[in-house]
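Student: I'll drop the sequence and a predicted model, then ask my questions.
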Protein chains: 2
Amino acid sequence: MRKIAFYGKGGIGKSTLTSSIAAAIASRGYRVMQIGCDPKADSTMNLTGGEKAVPIVNYLLEKGDCDRIQDIATMGYKGIVCFEAGGPKPGTGCAGRGIVTAFELLNELDAFEMYQPDFVLYDVLGDVVCGGFAMPIRNGYAEEVVIITSGEKMALFAAGNIKMAMDHYKDRNYATLRGLILNKRNIDNEETLVRDFAESADTEVIGIVERDAAIQTYEEQNKTVIEGDPSLPVSKRIFEIADTLIHPPAAKQPLSTSNPLEKKVLA
Amino acid sequence: MRKIAFYGKGGIGKSTLTSSIAAAIASRGYRVMQIGCDPKADSTMNLTGGEKAVPIVNYLLEKGDCDRIQDIATMGYKGIVCFEAGGPKPGTGCAGRGIVTAFELLNELDAFEMYQPDFVLYDVLGDVVCGGFAMPIRNGYAEEVVIITSGEKMALFAAGNIKMAMDHYKDRNYATLRGLILNKRNIDNEETLVRDFAESADTEVIGIVERDAAIQTYEEQNKTVIEGDPSLPVSKRIFEIADTLIHPPAAKQPLSTSNPLEKKVLA
Ligand SMILES: Nc1ncnc2c1ncn2[C@@H]1O[C@H](COP(=O)(O)OP(=O)(O)O)[C@@H](O)[C@H]1O
Ligand SMILES: Nc1ncnc2c1ncn2[C@@H]1O[C@H](COP(=O)(O)OP(=O)(O)O)[C@@H](O)[C@H]1O
Ligand code: SF4
Ligand code: SF4
Ligand SMILES: [Mg+2]
Ligand SMILES: [Mg+2]
């Protein structure tokens, strides 16, 4: 079982790409589980045909407990098992604590033993600076991290913060940074900006996804572009990323501990 | 003493506009204090000529305690008293808890009695869904809230979350939503989108700021555009917003409790 967390700033395309990569990995014949860890709880909608998976935290708040995994799991495209951590109402409680609660319940209910996934993909909001959102990195939940970014300053800043959080916990050796995915916003020099950032963060760009209106077209039909049309150039890019993740190269260890963006882009 | 919190998504222009409005209010002869509540701790840089105010949380983490307000206050443009709450290292600790700690210290050291500000402006990160960042709203620290947004979906989504957090605490009657400031990103139909959102959130647009390269030009000199060139059209817009805030109309009470964006824009 491989556990990979996709981090990135809100709106950058985490759910879109995580779901598409999940669909691509499942298309290669692997068993996949996707866990949305963003209070928006819309991570898996393009896998479930638009049906919103039950947000675990909100379920627990309402019902007090949950003893059947079937009550919170939603089956998606090609058998992908979908969960949403959910979170407290905006402005109340701790969203990070919500993620932990959801993970604990999944463990308690033996979700991994039950579904035996080959790949578990976490889709995690990365704007937040707190310890709560670092939970998938900290407690061995995710072993590999992929950061999704564009060349925009705020996206790279968030990426730098995620890298810093990983470095902070690196002695425990839980998670390895697998690399960045550039999800293009078509700003000037975008590829150079992101490659420079990757270099300063001692990592690499493992995939580049173009902006493509087909992604939004299929989203309106509650589909990933992989389901919608696997032969499109953008789908091929996503299959390439999936294959890179399926066949991992030797792991790389990060070295620096400061936000690489502070050195480079924000200087 | 009037206490106004400016909320909005990261990168939307909170620090830029809060500082410019602070400068405009100070130019009208009022005493102003600005408190940055974003872990980035760069809220007041355009008021202090680029000198970074001491981030309070980091000061406390390092020194253990603080008993002289002068050690954490920085004097800025036209006597504006500048503070930065700061925050823990990304991925560690609770950023919201950091804001609370900073506020408690300011109270302990009698900051308001000492400087007797007519206006206290808070510049608060609004991406975060947790109770920590709602602190300025919750405990009577800020009495009025202004949300800064563009017409972009994620900016409006964050605005909707902030509104929801306010509604959640509205029974305690602490904070009133004064309105939205549209900080333009020049997307299609931007003004209509934001006015529609304002209507659905039962509030109004109290100012519109154009994108203007002069803002960035003066930022490079560590100045607000108000200090840089008060006669520019964009400066006039900011003076108008300052005057609107100085002379408040009758307060409006919010009615709905759901995220207005879920009804309107995300529908
Ligand atoms: N490469 C792309 N091309 C076109 N649209 C995209 C692309 N990536 C993301 N989007 C769109 O951007 C929006 C935000 O993406 P989403 O995956 O929800 O972001 P996040 O999960 O990071 O908040 C969605 O409407 C999605 O369709
Ligand atoms: N109206 C505007 N015109 C031009 N640039 C702007 C405008 N508003 C903000 N900016 C720029 O956007 C960037 C982000 O603004 P900032 O105030 O730091 O955002 P926040 O505090 O919300 O994270 C800054 O470089 C700033 O100069
Ligand atoms: S740990 Fe994170 S998610 Fe939890 S309250 Fe603190 S900032 Fe919010
Ligand atoms: S830990 Fe983070 S999410 Fe939780 S209350 Fe604190 S700032 Fe908010
Ligand atoms: Mg998402
Ligand atoms: Mg700021």
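Tutor: Perfect, thanks for sending it. Everything quoted here is computed from the prediction, not taken from an experiment. Residues are numbered from 1 along each chain as shown, chains lettered A, B, ... in the order given. Ligands and ions are numbered 1, 2, ... in the order given.

Student: residues near the residue of the stretch 51-200 of chain A found nearest ligand 6, how many?
Tutor: Using C-beta to the ion, residue A:154 is the residue of the stretch 51-200 of chain A that sits closest to ligand 6, at 10.3 Å. No exception for glycine: its C-beta is placed from N, CA and C like everyone else's. Around residue A:154 there are 19 other residues, counting by other C-beta atoms under 10 Å in any protein chain shown.

Student: where does pLDDT dip in the stretch 101-250 of chain A?
Tutor: Across the stretch 101-250 of chain A, residues meeting the criterion (pLDDT under 70) sit at A:128-129, A:172-173, A:249-250.

Student: can you tell if the top helix by length along chain A touches ligand 2?
Tutor: Scanning chain A for the longest helix, with DSSP state H as the assignment, gives helix A:153-168. No: contact of helix A:153-168 with ligand 2 (C-beta under 6 Å from any ligand atom) is absent, the minimum separation being 7.3 Å.

Student: tell me the contacts of the nearest residue to residue A:89 once chain neighbours are set aside?
Tutor: By the measure of C-beta to C-beta, 6 or more residues apart in numbering or on different chains, the closest residue to residue A:89 outside its immediate chain neighbours is residue B:168, 6.1 Å from it. Contact partners of residue B:168, counting by C-beta atoms under 8 Å, 6 or more residues apart in numbering or on different chains, are A:89-92, B:134, B:257.

Student: equivalent analysis for residue A:74, please.
Tutor: Residue A:74 makes contact with A:44, A:48, A:51, A:53-54, A:81-83 under the criterion C-beta under 8 Å, 6+ apart.

Student: in contact with residue A:78, which residues?
Tutor: Taking C-beta under 8 Å, 6+ apart as the definition of contact, the neighbours of residue A:78 are A:23, A:26-27, A:32.

Student: apply 6 Å and report the result again.
Tutor: The neighbourhood of residue A:78, defined by C-beta atoms under 6 Å, 6 or more residues apart in numbering or on different chains, consists of residue A:26.

Student: hang on, it in a strand?
Tutor: No: assigned with DSSP: H, G, I helix; E, B strand; the rest coil, residue A:78 falls outside any strand and is helix.

Student: related to what we said a few turns ago, if any of the contacts of residue B:168 are buried, give me the ChimeraX selection for them.
Tutor: Remark: buried members of those, expressed as a ChimeraX selection using 16 or more other C-beta atoms under 10 Å in any protein chain shown:
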select /A:89,90,91,92 /B:134
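
Student: and the contacts of residue B:168, which is closest to residue B:9?
Tutor: Sorting those by distance to residue B:9 puts residue A:90 at the head of the list, at 12.4 Å, by C-beta to C-beta.

Student: tell me the buried residues within the contacts of residue A:74.
Tutor: Neighbour-count burial (16+ other C-beta under 10 Å) applied to those gives A:44, A:48, A:53-54, A:81-83.

Student: and the residues you listed, which two are the farthest apart?
Tutor: Spatially, the most separated pair among these is A:54 and A:81, at 12.8 Å (C-beta to C-beta).

Student: tell me which element the residue of chain A found nearest ligand 5 falls in.
Tutor: Of all residues in chain A, residue A:15 sits closest to ligand 5, with a separation of 3.2 Å (C-beta to the ion). Using DSSP states H and E, residue A:15 sits in helix A:14-27.

Student: anything in that helix near ligand 1?
Tutor: Yes: using C-beta under 6 Å from any ligand atom as the criterion, contacts between helix A:14-27 and ligand 1 involve A:14-16.

Student: chain B contacts on the stretch 51-200 of chain A?
Tutor: On the criterion C-beta under 6 Å from any C-beta of the partner chain, chain B has as its neighbours in the stretch 51-200 of chain A the residues A:90-95, A:127-131, A:134, A:154, A:161, A:164-165, A:168.

Student: which of those residues fall within helices?
Tutor: Using DSSP H, A:95, A:154, A:161, A:164-165, A:168 are the members of those that sit in helices.

Student: which one of those sits closest to ligand 1?
Tutor: For ligand 1, the nearest member of those is residue A:154. The distance, counting by C-beta to the nearest ligand atom, is 12.4 Å.

Student: quick one, strands of chain A?
Tutor: For chain A, applying DSSP state E gives strands covering A:2-8, A:32-37, A:74-75, A:81-84, A:119-125, A:144-149, A:176-183, A:205-209.

Student: partners of the third one, with directions?
Tutor: Based on DSSP bridges, the pairing partners of strand A:74-75 within the sheet are strand A:81-84 (antiparallel).

Student: pull the distance from the strand it pairs with to the chain's centre.
Tutor: Between the mean C-alpha location of strand A:81-84 and the chain-wide mean there is a distance of 13 Å, by C-alpha atoms, centre = their mean, to the nearest Å.

Student: show residues contacting it.
Tutor: Defining contact as C-beta under 6 Å, 6+ apart, one finds that strand A:81-84 is touched by A:33-36, A:41, A:44, A:47-48, A:53, A:55, A:73-74, A:76, A:115.

Student: pull out the buried residues from the residues you listed.
Tutor: A:33-36, A:41, A:44, A:47-48, A:53, A:55, A:73-74, A:76, A:115.

Student: of these, the lowest pLDDT goes to which?
Tutor: Comparing pLDDT over the buried ones among the contacts of strand A:81-84 singles out residue A:41 as the least confident position, at 91.

Student: so what's it up against?
Tutor: Residues in contact with residue A:41, defined by C-beta under 6 Å, 6+ apart, are A:55, A:84, A:86.

Student: okay, now the second one: neighbour count?
Tutor: To tie it back to what came earlier, the one meant is residue A:84. The number of residues packed around residue A:84, counting by other C-beta under 10 Å, is 30.

Student: distance check, the residue nearest to residue A:89 against residue A:186.
Tutor: Going from residue B:168 to residue A:186 by C-beta to C-beta, to the nearest Å gives 38 Å.
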